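Q: coords please:
(one chain, ligands or ions: 1)
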Amino acid sequence: MAKKAELEHVYNQYRHSCAVAIGAVSAGDFQTGVREAESSLSHVYPTITYQKRFLKTEPDAPTLDVLLRYAPPLFLEQAIDAVERWYLSGTRTERGNLPDVSERIASARSRATLARELWSVLDAAPDAHLAVSNRNPAELEIVRTWLRLGAVAPSTRYGPQQYERVSDPRRSACGRCSGCGHTITAALSRLLDPFPCPACRREHPFVLLRYTA
Ligand SMILES: [Zn+2]
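A: Now for the predicted structure:
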């Protein structure tokens, strides 16, 4: 059994990661939030052990919320895979302290699929627009994240609850290669046209992550 000092050390590292991840998300830097949450996964189980054994508090792992909420609209399925691998690596007791994680992973996977479907609507044509239903909270949340990223804007032509892709071609933007996951910063016009990815050297479409200027 791990000693109190060891658990406390991990707990403090985890608390730092929580502050970084939540701070990044509040500032609209979802990428950094998800990355920090992913890198702190190995600290979650020891943190919960420390919370239960020494602080006598309920398990609390806010980085999982950041990860499972923002990975889907950012198309970061690898981050969801990482949560699943981490969760399954736990002992029966460790997993028992977080009984709803399997269900939340499944929900994140279906939201990731939904995000890809919604984006393919916007990607179909330069003037494509997306109608979002108030009755679908998952759709609303995905589009709300894209709005904060500056990837979509409310459509002025089609009325309320309609969104279009923001596409000033001169804007500098950050994009992710849909083939290998490599991210680059370039003019939007360059990202939207097929060109060889500097990392994998193939012409996969780039997914727009955010505007950088
Ligand atoms: Zn690539």
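Q: List phi and psi for Val152.
A: The phi and psi values for Val152, taken as degrees, to the nearest 10, are phi -130, psi 160.
Q: so what's it bridging to?
A: Using DSSP bridges, the bridge partners assigned to Val152 are Arg165.
Q: doesn't Ile142 make contact with it?
A: No: using CB atoms under 8 Å, Val152 makes no contact with Ile142, being 9.8 Å away. C-beta coordinates here come from the backbone N, C-alpha and C atoms, glycine included.
Q: Return the residues of this protein in contact with the ion.
A: Residues of the chain lying close to the ion (CB under 5 Å from the ion) are 177, 179-180, 182, 197, 199-200.
Q: and which of those is nearest Trp86?
A: Nearest to Trp86, judged by CB to CB, of these is Cys180 at 22.9 Å.
Q: and the closest one, how far is that from Ala71?
A: 18 Å (CB to CB, to the nearest Å).
Q: what do you get for Val152?
A: Val152 is 18 Å from Ala71, by CB to CB.
Q: again with Thr57
A: 26 Å.
Q: Equivalent analysis for Gly181, please.
A: Taking CB to CB, one finds Gly181 at 13 Å from Ala71.
Q: Settle it for me: which of the two has more neighbours?
A: Neighbours per residue (other CB atoms under 10 Å) separate Gly181 from Ala71, with Ala71 holding more: 27 against 16.
Q: quick one: contacts for the closest residue to Glu77 other than its chain neighbours?
A: Leaving aside its sequence neighbours, Glu77 sits nearest to Ala112 (CB to CB, 6 or more residues apart in numbering; 5.3 Å). Shown in contact with Ala112 (CB atoms under 8 Å, 6 or more residues apart in numbering): 71-72, 75, 77, 80.
Q: Quick check, pLDDT for Lys56.
A: Confidence at Lys56, expressed as pLDDT, is 96.
Q: Give the burial count for it, as a bare number.
A: 7.
Q: Check Val10 too.
A: The burial count for Val10: 19, using other CB under 10 Å.
Q: From the ion, how far off is it?
A: 35 Å (CB to the ion, to the nearest Å).
Q: Could I get the pLDDT score of the closest residue to that residue other than its chain neighbours?
A: With CB to CB, 6+ apart as the criterion, Val10 has its nearest non-adjacent residue at 4.2 Å, and that residue is Pro46. pLDDT, Pro46: 97.
Q: Now do Pro46 against Arg85, distance only.
A: From Pro46 to Arg85 the distance is 17 Å (CB to CB).
Q: again, but for Gly159
A: Taken as CB to CB, the span from Gly159 to Arg85 is 44 Å.
Q: Ala199 too?
A: For Ala199, the distance to Arg85 - CB to CB - is 23 Å.
Q: quick one, which of these two is more surrounded?
A: Counted by other CB under 10 Å, Ala199 and Arg85 do not tie: Ala199 has more neighbours, with 13 against 10.
Q: Thought Arg176 was touching that one, still the case?
A: No: in this structure, Ala199 is not within contact of Arg176 by CB under 8 Å, at 10.5 Å.
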